[in-house]
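[1] Fold the following, please.
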Amino acid sequence: MTSDIHMSNPAATRSDMQAVANALQASSPHGSTHREAFEESIALSTARSLAVAIASAEQALPTLLAAMGITHGREVILPALGETACLRAIRRIGATPRFADCDPGTLVPQAAMIEAVMTNETAAVIAAHGDGWGSGLPKIADACARREIPFIELVGTKIGSVCTGAPAGSLGRAAIIDLSARSIISGGEGAVIVTDDEYLAERCRGGDYTKCNNPHRADPMAELNAAFALSQAERLPSIIAHCTAAAEQYMVGLSSMPELLLPATTPDTQSNWSRYVVRLDETFSASDRDEIIRGMRRHDIAAGVGLIHLPSIWGTAIEGECPISASMATRTIALPIHADLTGRDIDLICQTLQLMVQRTTFRRAS
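    This next block holds a predicted model:
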C-alpha cells in the first residue's frame, strides 16, 4: 500500500477549499454569516426549527445537559454500549448514569429496557443510532413522552439517517450531531444541537466570552469551520450514496466469513454509514479481537474497537451490569467508511480481516 486507509476521512474537495477561501475574502473569520447559514441548513435537514453550531463535539452533550438544568446528583439513562464521551459529559456536570442493556440483535436498547431502569430521579434519557443494526428510537421517545422525561437523540456521525420516516435529529426535546473528523461530513471539528425549544437553544449558545458566567459555556463554531461544513452539507446526498455503496460492498465481501455477524438495516430504518461495525462470534475473546485489530493496523488499515461497555468504564463496582452489552463489547470491530474509500480499498480491508481472523483461529487451535 502507498497510503493508510483511515477510519474516517471527510477530505476537502476543491469546492470545499474554495468555500473556505471565499469566507476569508468575504468577511472576518470572527463573523457569524456562514455559521448561521449552516445552522439553517442543519435545522432544515433534521426537521427542526432551531440549530446551535458549537466548536467541538466534546462540548455538545454537557452543554445541552446543563442547559436543561441537569446538574449534580441527577440521574441520566445511557445505553450500556456506546462511546466514552457520554461518560465524560456526565462526570463534567456531576450527574449519575444509569445504564440500559442492549438488544442482542440490534446492539441498541429497546424501549422496554430503557423503561426498566427509569426511576423518579431520572432527569433525561439519552439514546443513539446504531451502526446499521436498526433502531428503536421512536418507541424510546414515545416512552419518555409518556413519563414526561426529556429525551436526547444522539445522531452522532450519522447525519442524514431516517428512522420510521423521520429524519435523524427530529426526535425528543433535542438532538446532537457530531461534525468532528469521525463524521461523514465535518467542519474539521464541531457539533450541532438541534431543537424546537427556543429557550433551550438560547441557553446552549455561548454568550459573550468576557461576560458569561456559565461554567458550561460552549464556544460557537468558528466561521471558517462553518464554511467548510456548509460546503460538505451541500453534497451530503452524494456522500451518503458513496458510503452506502461501501457498506453494500462490505456485506458482499464479508458474507462468506462464518466467524462474523454483519450489521443489517431494518425496513423502517435507513442508516447512514460513518463506519462498518462487525461482530465476531461468541468463540472469540476480547484479546482475540484486539489481536485482529492490531494485525489490521500493521497492514495500515485503521480498524478499531466498535463499541465500549460503559458501566465497566464508569466504575468497577458495576462491571457486571448489563451483561449482554458486556459480552457484545468484547467482540465488535469497526471498519473504515468514508467518501474517499475506493472499491479496491474495501476489497483489501475484507481480505486482510479474513487473514487476521484465520491467523487468530489457527493460533487458538495450536
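[2] what's next to the lengthiest helix in the chain, contact-wise?
    When the chain is parsed with DSSP state H, its longest helix is helix 343-365. Residues lying outside helix 343-365 but in contact with it, judged by CB atoms under 8 Å, 6 or more residues apart in numbering, are 1, 5, 246, 249-250, 253-254, 257, 259-260, 278, 280, 284, 288, 291-292, 295-296, 299, 301, 303, 333, 335-336. Every C-beta, even on glycine, is put in place using the N, C-alpha and C of the backbone.
[3] can you tell me the helix or strand for the closest residue to Ala85 other than its chain neighbours?
    The shortest distance from Ala85 to any non-neighbouring residue, by CB to CB, 6 or more residues apart in numbering, is to Glu58 (6.4 Å). Secondary structure from DSSP states H and E places Glu58 in helix 57-67.
[4] Please apply the same query to Ala175.
    According to DSSP H and E, Ala175 maps onto strand 174-178.
[5] So for that strand, mean pLDDT?
    Confidence over strand 174-178 (mean pLDDT, whole number) is 96.
[6] Parallel or antiparallel, list what pairs with it.
    For strand 174-178, the paired strands and their directions (DSSP bridges) read strand 151-156 (parallel), strand 191-195 (antiparallel).
[7] Tell me how this protein divides into domains.
    Following automatic domain parsing, one finds the domains of the chain at 14-234, 236-365.
[8] Pick the most buried one from those.
    For the domains of the chain, the stretch with the most neighbours on average is domain 14-234, a mean of 20; neighbours defined as mean count of other CB atoms under 10 Å.
[9] Have a look at the chain and report the helix or strand with the lowest mean pLDDT.
    Among the secondary structure pieces of the chain, namely its helices and strands, strand 269-270 has the lowest mean (mean pLDDT, DSSP states H and E), a mean of 75.
[10] From the chain's centroid, how far away is it?
    Relative to its chain's centre, strand 269-270 lies at 15 Å (CA atoms, centre = their mean, to the nearest Å).
[11] ok, now how distant is Ala247 from Val277?
    10 Å (CB to CB, to the nearest Å).
[12] of all the strands paired with strand 174-178, which has the lowest average per-residue confidence?
    strand 151-156 (a mean of 93).
[13] Run the angle between it and helix 57-67 for me.
    Strand 151-156 and helix 57-67 are oriented at 170 degrees to each other (axes from the mean of the first three to the mean of the last three CA atoms, to 10 degrees).
[14] What strands flank the next helix or strand after strand 151-156, and is each parallel or antiparallel?
    Moving toward the C-terminus from strand 151-156, the next helix or strand (DSSP H and E) is strand 162-163. Each strand paired with strand 162-163, and its direction, by DSSP bridges: strand 166-167 (antiparallel), strand 269-270 (antiparallel).
[15] need the helices for the stretch 201-350 of the chain, in chain order.
    Secondary structure of the stretch 201-350 of the chain (DSSP state H, counting those that start in this stretch): helices located at 223-234, 236-254, 286-298, 310-314, 323-329, 343-365.
[16] The longest one - what's its average pLDDT?
    Mean pLDDT, computed over helix 343-365, is 93.
[17] so how far is stretch 190-202 off the chain centroid?
    Averaged over its C-alpha atoms, stretch 190-202 has a centre that lies 18 Å from its chain's centre (CA atoms, centre = their mean).
[18] same question, stretch 359-366
    For stretch 359-366 - counting by CA atoms, centre = their mean - the centre lies 34 Å from the chain centre.
[19] okay, and for the protein, where does confidence drop off?
    Within the chain, the stretches with pLDDT under 70 are 1-3, 10, 27-31, 132-135, 207-215, 268, 316-320, 366.
[20] Can you tell me the centre-most residue of it?
    Gly156 (2.9 Å; CA atoms, centre = their mean).
[21] so that one bridges to which residues?
    For Gly156, the beta-bridge partners are Ile177 (DSSP bridges).
[22] Assess the claim that it and Asp131 are in contact.
    No: with contact taken as CB atoms under 8 Å, Gly156 and Asp131 are classed as non-touching, separated by 9.4 Å.
[23] what about the residue lying closest to Ile152 once chain neighbours are set aside, helix or strand, and which?
    Taking CB to CB, 6+ apart as the measure, Ile152 lies nearest to Ile126, with 4.7 Å between them; neighbours along the chain are not counted. For Ile126, the element it lies in under DSSP H and E is strand 122-128.
[24] how about the CA coordinates for stretch 63-78, as PDB?
    Presented in PDB, the C-alpha positions along stretch 63-78 are these (Å, rounded to 0.1, in the frame of the first residue of the first chain):
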ATOM      1  CA  THR A  63     -23.700  21.900  27.200                       C
ATOM      2  CA  LEU A  64     -27.100  20.500  26.400                       C
ATOM      3  CA  LEU A  65     -27.500  18.700  29.800                       C
ATOM      4  CA  ALA A  66     -26.500  21.800  31.700                       C
ATOM      5  CA  ALA A  67     -28.900  23.900  29.600                       C
ATOM      6  CA  MET A  68     -31.700  21.500  30.600                       C
ATOM      7  CA  GLY A  69     -30.900  22.100  34.200                       C
ATOM      8  CA  ILE A  70     -29.400  18.700  34.800                       C
ATOM      9  CA  THR A  71     -26.800  19.100  37.500                       C
ATOM     10  CA  HIS A  72     -25.100  17.300  40.400                       C
ATOM     11  CA  GLY A  73     -26.900  14.200  41.700                       C
ATOM     12  CA  ARG A  74     -29.500  13.900  38.900                       C
ATOM     13  CA  GLU A  75     -29.800  10.600  37.000                       C
ATOM     14  CA  VAL A  76     -29.300  10.200  33.300                       C
ATOM     15  CA  ILE A  77     -30.100   7.000  31.400                       C
ATOM     16  CA  LEU A  78     -27.500   5.900  28.800                       C
END
